[in-house]
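Q: after the sequence you'll find the predicted model.
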Amino acid sequence: MTYQLYPLEINPKTGEPFLRLAAPHQNIIITPPRQGDQSMHMQHMNDPAIYGWIEGPPTPYLPEDADSWIQLIKEESDATLEYLRKSAEDFPNGPLQFVGANPVRNLREVKEDGTDVLIGDVNFRRSPFEEVLAEVERKRLREDNAKKQAGDPTIQYAIGDWIAVSHHGRGIMTAAIGLLMTAWGIPRMGVRHVVAHTFAGNIGSNRVFEKNGFVNRGLFDNGKIVRGEKKVLTLLEWKHDQA
Ligand SMILES: CC(C)(COP(=O)(O)OP(=O)(O)OC[C@H]1O[C@@H](n2cnc3c(N)ncnc32)[C@H](O)[C@@H]1OP(=O)(O)O)[C@@H](O)C(=O)NCCC(=O)NCCS
């Protein structure tokens, strides 16, 4: 029967699918979200060196925020995994089916004793088209893009990511995004066009994308206000046919 989770590995003890980063980061794996991630997630989301560069998290980030977030992303991941399990029955001889999401997204550092710690997150989602300045046009593009079938090569995806400050600057996120693109996004989601919208001045984040072949298209101002502060954004763009 075709292995529809390819190329995810399976943890023999827990049955959990995962991707492992290549050396020298082989102790970092990318897994689905887990029940129990809430307290570490909350700790990271209350760190200004992380939340200060991302739009979503409320401040302060409360236990109930972590509960609803982990539930949401776990449901998304479970739905993708369930679809792939069912696809193995529906298409026993293949081909591999396209999906609209990455079921593995959480970076975890595996310790010598085999336990692991949540250290980050990386995810593809349908693009919010922040770079389109006219609001009506932006909304139309978002809606059209959101309706497209998984695997449609015209879908514009956006990447969001963060990693614990204790692990910054070691090349981990560069490797994680590279792996997620080549092992999952491109072959299993049919990703052909990806953008990232970073806050102006997020040099480290821009570098991570540039090191993965994204082109820096420069700054734009769509009037964004985050937690009461105006934010100018940088557009980074990757297209498969230009890679
Ligand atoms: C952005 C972030 C994900 C990067 O992860 P990381 O694992 O530290 O990134 P890497 O180590 O793979 O690469 C960082 C690169 O930026 C460079 N860099 C970082 N800060 C820099 C600075 N202030 N000036 C110049 N270069 C800088 C590093 O030198 C490295 O580039 P190099 O390999 O060419 O030397 C991480 O810093 C983070 O989580 N920040 C907070 C949340 C965030 O910004 N998320 C992204 C939202 S768009």
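A: Structure's in. What do you need? Numbering: from 1, shown residues only.

Q: a strand runs through residue 30, doesn't it?
A: Yes - using DSSP: H, G, I helix; E, B strand; the rest coil, the assignment for residue 30 is a strand.

Q: begin at 52, not 1, for the rest of this chat.
A: Sounds good: first residue 52 from here, last item residue 81.

Q: look up how far residue 222 lies from it.
A: 15 Å (C-beta to C-beta, to the nearest Å). (C-beta placed from N, C-alpha, C; glycine too.)

Q: try residue 268
A: 24 Å.

Q: thinking again about what came up before, among residue 81 and residue 222, which residue is more densely surrounded?
A: residue 81 (25 against 14; other C-beta atoms under 10 Å).

Q: Provide a list of residues in contact with that one.
A: Going by C-beta atoms under 8 Å, 6 or more residues apart in numbering, residue 81 touches 69-72, 155-159, 173, 227, 230-231.

Q: residues from the protein in reach of the ligand?
A: Those residues of the chain that sit near the ligand, judged by C-beta under 6 Å from any ligand atom, are 101, 104-105, 212-214, 219-225, 247, 249, 253-256, 258-259.

Q: among those, the buried ones, what's the ChimeraX command?
A: Filtering the residues of the chain next to the ligand down to the buried ones (16 or more other C-beta atoms under 10 Å) takes a single ChimeraX command:
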select :101,104,105,212,213,214,223,224,225,247,249,253,256,259
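
Q: from the residues of the chain next to the ligand, which land in helices?
A: Members of the residues of the chain next to the ligand lying in helices (criterion: DSSP state H): 101, 223, 224, 225, 254, 255, 256, 258, 259.

Q: which strand in the protein runs the most residues?
A: strand 167-177 (DSSP state E).

Q: what pairs with that one, parallel or antiparallel?
A: strand 157-161 (antiparallel), strand 208-214 (antiparallel) (DSSP bridges).

Q: quick one: buried residues of the shortest one?
A: Applying a neighbour-count criterion of 16+ other C-beta under 10 Å, one finds 157, 158, 159, 160 buried in strand 157-161.

Q: closest one of those to the ligand?
A: When the buried residues of strand 157-161 are compared for distance to the ligand (C-beta to the nearest ligand atom), residue 158 wins out at 9.1 Å.

Q: which non-adjacent residue is nearest the closest one?
A: residue 171 (3.6 Å; C-beta to C-beta, 6 or more residues apart in numbering).

Q: ok, now residue 241?
A: In space, residue 241 is closest to residue 202, 3.9 Å off (C-beta to C-beta, 6+ apart).

Q: likewise residue 272?
A: Per C-beta to C-beta, 6+ apart, closest to residue 272 is residue 283, 5.0 Å.

Q: what residues are up against the one you found?
A: Per C-beta under 8 Å, 6+ apart, neighbours of residue 283: 250, 251, 270, 271, 272, 275.

Q: ok, residue 236 - how many residues close by?
A: 22.

Q: what helix or strand does residue 270 sit in?
A: Here residue 270, judged by DSSP states H and E, is contained in strand 266-271.

Q: that strand pairs with which strands?
A: strand 284-290 (antiparallel).

Q: okay then, goodbye and thanks.
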